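K.L.:
I would like the atomic coordinates for the input below:
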Amino acid sequence: MIDYVNSPRTARQLGWRDRLHRLTQGLNYAAPLGDLLLRLWVAYAFWVSGLTKIQSWDSTLYLFENEYAVPLLRPEIAAYAGTCVELLFPVLLALGLGARFAAFVLFVFNLVAVISYPDMGPAGLEQHKVWGLMLLVSLLHGPGRLSVDHLVHRLWLAER
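P.N.:
Model prediction:
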């Protein structure tokens, strides 16, 4: 009769499975940091764009009047709305406060930006695609454990 428990092959298989399990646990442990970095990266891109708009408001108005074709809004209103979105929602996304809603708003904003600027080059289009995917991950996956949303959820559940 073969002793399967003490055979070298089974020990190797168990060792491999144990290492894989530990690796998976380590990745699961690091996932909240990945969620945070993803949120910070995409939030930074929109935040910097918003800062650029308020630093040169005359240029911003010119662009919205002559370059961007934002549907349904007058150029001045679109400029104010776009700037507000780029300054408020990245902060919420970075903090993870109402993060899924913030990701949704920025996702739609990103989509409108692509539609509204027909002269966007291939590099700009690729950048917007990456931002869109990052926002979609935050929207579908949620902000993760390193977020205000997670803290509020834990505190709210603790009171029940």
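K.L.:
which residues of the protein fall in strands?
P.N.:
In the chain, no segments count as strands under DSSP state E.
K.L.:
name the residues that touch stretch 23-41?
P.N.:
93-94, 96, 99, 134, 137-138, 141-147 (Cβ atoms under 8 Å, 6 or more residues apart in numbering). From N, CA and C alone the C-beta is placed, and that goes for glycine too.
K.L.:
ok, stretch 113-121 next?
P.N.:
With Cβ under 8 Å, 6+ apart, stretch 113-121 has contacts from 67, 68, 69, 70, 71, 82, 124, 125, 128.
K.L.:
mind redoing it with 10 Å?
P.N.:
Outside stretch 113-121, the residues that touch it by Cβ atoms under 10 Å, 6 or more residues apart in numbering are 46, 49, 63-64, 67-71, 73, 78, 82, 85-86, 106, 124-129, 131-132.
K.L.:
just the ones of those residues in helices?
P.N.:
If you go by DSSP state H, these have 46, 49, 63-64, 78, 82, 85-86, 106, 124-129, 131-132 in helices.
K.L.:
rounded mean pLDDT for stretch 53-72, please.
P.N.:
Averaging pLDDT along stretch 53-72 yields 94.
K.L.:
could I get it in CSV with only the CA atoms?
P.N.:
What follows is stretch 53-72 as a C-alpha-only set of coordinates in CSV (Å, rounded to 0.1, in the frame of the first residue of the first chain):
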residue,chain,number,x,y,z
LYS,A,53,-8.9,76.0,-15.5
ILE,A,54,-9.1,78.4,-12.6
GLN,A,55,-5.6,79.6,-13.0
SER,A,56,-6.4,81.0,-16.4
TRP,A,57,-10.1,81.6,-16.5
ASP,A,58,-10.0,83.7,-19.7
SER,A,59,-8.4,80.9,-21.5
THR,A,60,-10.9,78.4,-20.1
LEU,A,61,-13.8,80.5,-21.3
TYR,A,62,-12.2,80.9,-24.7
LEU,A,63,-11.8,77.1,-25.0
PHE,A,64,-15.4,76.4,-24.0
GLU,A,65,-16.6,79.0,-26.4
ASN,A,66,-14.4,78.1,-29.4
GLU,A,67,-12.9,74.6,-29.0
TYR,A,68,-15.2,72.4,-26.9
ALA,A,69,-18.7,71.6,-28.1
VAL,A,70,-20.4,70.6,-24.8
PRO,A,71,-23.9,69.4,-25.7
LEU,A,72,-27.0,71.1,-24.1
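K.L.:
brilliant, that's me finished.
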